[in-house]
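[1] Pasted the sequence and its predicted model underneath.
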Amino acid sequence: MPRVGLTPEQVVGHALALIDEQGPEALTLAAVAARAGVATPSLYKHVSGGLAELRRLVAVRVTEELADRLAEAAVGRGGDDAVAAVLRAYHGYATEYPHRYNALPQAPQPDDELTRAATRLVGVIIAVLRGYGLDGSEAIHAARAVRSVAHGFASLSIGGAFRLAEDLGDTQDRLIAVLTHGLRDWPKSP
């Protein structure tokens, strides 16, 4: 019988706290069990698939958190303002939770729950792109461009790649301006 008061959601919360403190490579069942105050075998009552299942649940939660952050940023905005808000929210999440962000799979494995979360994340971006009149295949191409810019800037930022004195916020503003200009003048397929 699972420990009273300990839920799979709390196990994931303990895993995320561990990842936030020590990085994704520190995630082990023993470390999570210690944080939760249970014996390692007891975690199988809450996460039956062991470490692989826990990593999957972490990926789902992080994807959902990022989707929530982007959706919240986009509410009530359109066009360039919406894209800027989404890109800033994306970067903000990655820099607030760099280890958690690094635990996010960029190419999720086939999994219904993770696919739903990833589809929602991409759906927020596609919804924002409607402000540019993009739909169908063109919206997919544009969403890939937005995700590439968002992920690239976030990954380079949290990886410590931007060490020159110029203000990172100014760089982000320029990057957003280049992207939104490109979205307004999107090259449609013939």
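    All right, it came through fine.

[2] Name the nearest residue to residue 28, ignoring sequence neighbours.
    Nearest residue to residue 28, sequence neighbours excluded (Cβ to Cβ, 6 or more residues apart in numbering): residue 51, at 6.9 Å. For the C-beta atoms, the positions are set from N, CA and C on the backbone; glycine is no exception.

[3] Now do the contacts for residue 149.
    Neighbouring residues of residue 149 by Cβ atoms under 8 Å, 6 or more residues apart in numbering: 87, 175, 179.

[4] at 10 Å what do you get?
    Residues near residue 149 by Cβ atoms under 10 Å, 6 or more residues apart in numbering: 83, 87, 90, 91, 172, 175, 176, 178, 179, 182.

[5] Now the two most distant members of the residues you listed.
    Taking Cβ to Cβ as the measure, the contacts of residue 149 span a maximum distance of 18.2 Å, between 91 and 182.

[6] So between those two, which is more surrounded?
    residue 91 (22 against 15; other Cβ atoms under 10 Å).

[7] Next, the more buried one: secondary structure please.
    helix (DSSP: H, G, I helix; E, B strand; the rest coil).

[8] surely it meets residue 154?
    Yes - shown here, residue 91 and residue 154 form a contact pair, counting by Cβ atoms under 10 Å, at 5.1 Å.

[9] SS state for the most centrally placed residue in the chain?
    Residue closest to the average C-alpha location in the chain (Cα atoms, centre = their mean): residue 66, at 4.1 Å. Assigned state for residue 66: helix (three-state reduction, three-state DSSP).

[10] repeat for residue 47
    On the basis of three-state DSSP, residue 47 is classed as coil.

[11] who are the neighbours in contact with it?
    Residues in contact with residue 47 (Cβ under 10 Å, 6+ apart) are 8, 11, 12, 15, 29, 32, 53, 54, 55, 56, 57.

[12] Quick check: the last one vs residue 10, distance?
    Note on residue 57: its distance to residue 10, by Cβ to Cβ, to the nearest Å, is 11 Å.

[13] More neighbours: the two, which one.
    The residue with more neighbours, out of residue 57 and residue 10, is residue 57; 21 against 14, by other Cβ under 10 Å.
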